[in-house]
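1. requesting a structural model of the entry that follows:
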Amino acid sequence: MQGTVDGFSYGLVTPVVAYLMACLGGALGLRCTTRALLHSHSWRPGWLALGSAAIGSGIWTMHFVAMMGFTIDQAPIHYDKPTTYASLGVAVVMVGVGIFIVGYRGATGTALFTGGTITGLGIASMHYLGMAGLRFDGRLEYNTVTVAASVAIGMAAATAALWAAGQVRGFLWSVGASLVMGLAVSGMHYTGMAAVSVHLHGTGAPGEGDSPATLLAPMLIGPLTFLCLAAAVVIFDPHMVAGRLSRPGTGPQPGVPAHNGAHRPVRRAPLRPGRDLGRRRSRAPQNR
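-> Numbers count the residues shown, from 1 in each chain. Below you'll find the predicted structure:
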């Protein structure tokens, strides 16, 4: 039996909040990645790890905030917690792989393509693994073409975001890039949801259950708390306040061997005529 699906049971509230969550995670991740790209020292792995966790948590939170508005007529929905949290782990790990590639190889060429592809596949894997955590009296089916389109959108969004992180054009540039990234990630989500069709088993009378918002809200507390802590770290970092990051070229860059400054020839101060003549006379032989 074909099930009736409603992806906007709360109207525009869930899409807007989900978009803001994707923008928040993207903004924090991009700023952390930018910070790591500009400075080659022992803190780089920490900034890249924080950026990976921020982007992964933001995308995961965006997905399940949007899923609060997803309902199936006459079929209560439940969520398998291990599968749901596994999707969060997949998002953070695969996004981290892509970010570390760009963080150490630079946001150009093969590294950017490889990192963007892995990160995009991580976004898509998170989405469809999260969908696999749905439990209801029926099954989900997907349109292959639409699924492929959603994966392509995720890869393009990830590549664009990593490229933006490597441009280092100040705070406003990062904000604009995060808005575009949030739009692309939301587009990937709803494109993937458009591929879904539901078939109910119809083996029993429809039951009543908790709303998706009631089920998902407790699971979102942890990632939301982490995003707030990550925001505090970024905001209070003295190098990132008011666009005080150093410009490209002022320090070692990823993919470029570290080198010392060029040796400048030492210039000796010219001697004064009188002093020079005196020194020459003092060196003259006294007895001839």
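
2. name the next helix or strand downstream of the strand or helix carrying residue 45, please.
-> Using DSSP states H and E, residue 45 sits within helix 44-67. Reading on from helix 44-67 to the C-terminus, the next helix or strand found by DSSP H and E is strand 71-72.

3. would you give the sheet partners of the helix or strand just after that next one, along with the direction of each?
-> In the C-terminal direction, the helix or strand that comes right after strand 71-72 (DSSP H and E) is strand 78-79. According to DSSP bridges, strand 78-79 has the following sheet partners: strand 134-135 (antiparallel).

4. quick one: average pLDDT of the strand it pairs with?
-> Computed over strand 134-135, the mean pLDDT rounds to 90.

5. distance from the chain centre to that strand, please.
-> Using CA atoms, centre = their mean, to the nearest Å, the mean C-alpha position of strand 134-135 is found 27 Å from that of the whole chain.

6. what helices or strands is whichever helix or strand comes after it leaning on?
-> Of the helices and strands lying after strand 134-135 in sequence (DSSP H and E), the nearest is strand 138-142. Counting contacts by 3 or more CB pairs under 8 Å, 6 or more residues apart in numbering; DSSP states H and E, the secondary-structure elements packed against strand 138-142 are strand 196-200. (Each C-beta comes from the backbone N, C-alpha and C, glycine too.)

7. following the strand it packs on, which helix or strand shows up next?
-> In the C-terminal direction from strand 196-200 (assignment by DSSP H and E), the next one is helix 212-235.

8. contact partners for the residue nearest the centre of the chain?
-> For the chain, the residue whose C-alpha lies nearest the mean C-alpha position (CA atoms, centre = their mean) is residue 55; its distance is 3.3 Å. If you count contacts by CB atoms under 8 Å, 6 or more residues apart in numbering, residue 55 has them with 25, 26, 28, 29, 95, 99, 119, 161.

9. state the mean pLDDT of the helix or strand hosting the third one.
-> In this case it means residue 28. Secondary structure from DSSP H and E places residue 28 in helix 13-38. In this model, helix 13-38 has a mean pLDDT of 88.

10. what residues of it count as buried?
-> Buried residues in helix 13-38, defined by neighbour count with 16 or more other CB atoms under 10 Å: 14-15, 17-38.

11. that one - contacts with which helices or strands?
-> The criterion is 3+ CB pairs under 8 Å, 6+ apart, and the helices and strands that helix 13-38 contacts are helix 44-67, helix 81-105, helix 144-167, helix 171-194, helix 212-235.

12. highest mean neighbour count out of these?
-> Among the helices and strands packed on helix 13-38, ranked by average contacts under mean count of other CB atoms under 10 Å, first place goes to helix 44-67 (a mean of 25).

13. list of residues touching stretch 181-197?
-> So stretch 181-197 is in contact with 2, 5, 7, 15, 18-20, 22-23, 26, 30, 59, 62-63, 66, 70, 123-124, 127-128, 131, 140-143, 146-147, 149-151, 153-154, 156-157, 160-161, 164, going by CB under 8 Å, 6+ apart.

14. typo on my end, stretch 1-8
-> Under the criterion CB under 8 Å, 6+ apart, external residues in contact with stretch 1-8 comprise 14-15, 66, 69-75, 138, 190, 193, 196-202.
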